[in-house]
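*Asks:* Build the 3D model from these lines:
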Amino acid sequence: MSDNIPFEIQAEIFKRLPVISLIQIRSVCKAWKFLIDSDDFIKNYSGQMQYLLARVSLNTHHLVNTLRNSYIIGSSHGLLCLYGDYQEGHDGPLSGTGRVVLWNPSVRKAVAVAVPNVADRRIYETGLGFGVCRETNDPKILKITHINMWGHRESVTCIPWQVEVFPLSTGAWRSPYSSNLPRNSIEFDYDNTVVIDGMIYWLATDRITADGGFQSYSNLIISFDMTSEEFIEVNLPDSLAHQSIDGLSIYKLRESLVVLERDVEANNLVFRVWAMEGVVPKSFTKLFAINIPDNVSEVYVTGFRKTGEPIIDSLPCYPEWTGSLAVYEPYSKSISSLGIDGRDFSHYVYSYIESLLLL
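*Replies:* Modelled structure (predicted):
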């Protein structure tokens, strides 16, 4: 690049380049490498491209390959957070310690974090979350340990909730800034987790025991702010709060949280999409419904495209599909294949924006 172009203008041009180009030009001169590697540039860089990741198997970075029985905790700021049992070597024994791997596919870098004291689920259960602090751009891992069985909550005398945070910048587990923990009656659904703009969201159930031992259930959303490190309760509309949580799931649609309600109308499967809006209190608005043809027996919504259309997986495959993943167009109610094949319900779809974190 010409020396006649001011360095500030060069920096603005670099911010508009894809990661693969930035990796290449880092080796051109020390000044460019220093700029691209700086905390300020990394914090303010946001890739132009968004991807949908369909996961059947992950076999790439060597740290990812050390995980056994692994699964994705979440995706944020260009990082994938995976958790699994740690195995030393291809044929080595399992270590007995859990491990998180933070992986940036764009820069091909990964970091491993040991997760100690993972509960065995007999009495206690451990859940994990992942996000990036909005203010510092610091990736954080959240570990929640709580009493697993509802009946044990009255008999176990120790603390029902134990919460720890691992900021990557410090490399150590610690207590969160805020001391407010979820109420004892709350049960998390760790299979329903979404990360949006420095907030982790879970579907949860509030079990309320009235006089006489009668229990009532109310669904809600629990969020965790990665900046203030506090839990917040979000109430759902009555129609969603007082039904089985098995019929609900949450997703990221663009930069908003949506709740998917599974129902049956006239013997046909239908999914209603509700968007969370507002600041405090939150409100929910029904956006559209996904009407599934009667010749499709099982459908799983895996996520949404950045343009808003749902991505669906089906069993058995719709006859004209060439692959098992397809796009549902809400307004025309048409289904078109993405041409991505795999085992039934083996896909995990995440929105992804390139970043320079872990560089």
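
*Asks:* switch to C-alpha atoms for all contacts and neighbour counts from now on
*Replies:* OK.

*Asks:* three-state assignment of Ser228?
*Replies:* Of the three states, Ser228 takes coil according to DSSP: H, G, I helix; E, B strand; the rest coil.

*Asks:* Distance of it relative to Val259?
*Replies:* Relative to Val259, Ser228 is positioned 25 Å away (CA to CA, to the nearest Å).

*Asks:* ok, now Asp191?
*Replies:* Asp191 is 14 Å from Val259, where distance means CA to CA.

*Asks:* So Ser228 and Val259 - more neighbours on which side?
*Replies:* When Ser228 and Val259 are compared for neighbours, Val259 comes out ahead with 24 against 11, by other CA atoms under 10 Å.

*Asks:* wait, the more buried one sits on Gly247?
*Replies:* No: between Val259 and Gly247 there is no contact under CA atoms under 8 Å: 10.2 Å.

*Asks:* Please state the offset of the helix or strand harbouring Leu260 from the chain centre?
*Replies:* Assessed by DSSP states H and E, Leu260 sits inside strand 256-265. Averaging C-alpha positions (CA atoms, centre = their mean, to the nearest Å) puts strand 256-265 18 Å from its chain's average.

*Asks:* Please apply the same query to stretch 263-279.
*Replies:* With CA atoms, centre = their mean, you get 21 Å for stretch 263-279.

*Asks:* same question, stretch 188-204
*Replies:* Stretch 188-204 has its C-alpha centroid displaced from the chain centroid by 7 Å (CA atoms, centre = their mean).

*Asks:* in that stretch, what counts as buried?
*Replies:* Residues of stretch 188-204 classed as buried by neighbour count (16 or more other CA atoms under 10 Å): 188-190, 193-196, 198-204.

*Asks:* For that stretch, give me every contacting residue.
*Replies:* By CA atoms under 8 Å, 6 or more residues apart in numbering, the residues outside stretch 188-204 that reach it are 74-76, 127-134, 186-187, 205, 219-227, 249-252, 255-257.

*Asks:* same deal with stretch 237-247?
*Replies:* Counting by CA under 8 Å, 6+ apart, 205, 217-220, 235, 248, 261-263, 283-284 sit against stretch 237-247.

*Asks:* how about 7 Å then?
*Replies:* Residues outside stretch 237-247 that contact it (CA atoms under 7 Å, 6 or more residues apart in numbering) are 217-220, 261-262.

*Asks:* Pull the most distant pair out of the residues you listed.
*Replies:* Pairwise distances across the contacts of stretch 237-247 (CA to CA) peak at 18.1 Å, for the pair Tyr217 and Arg262.
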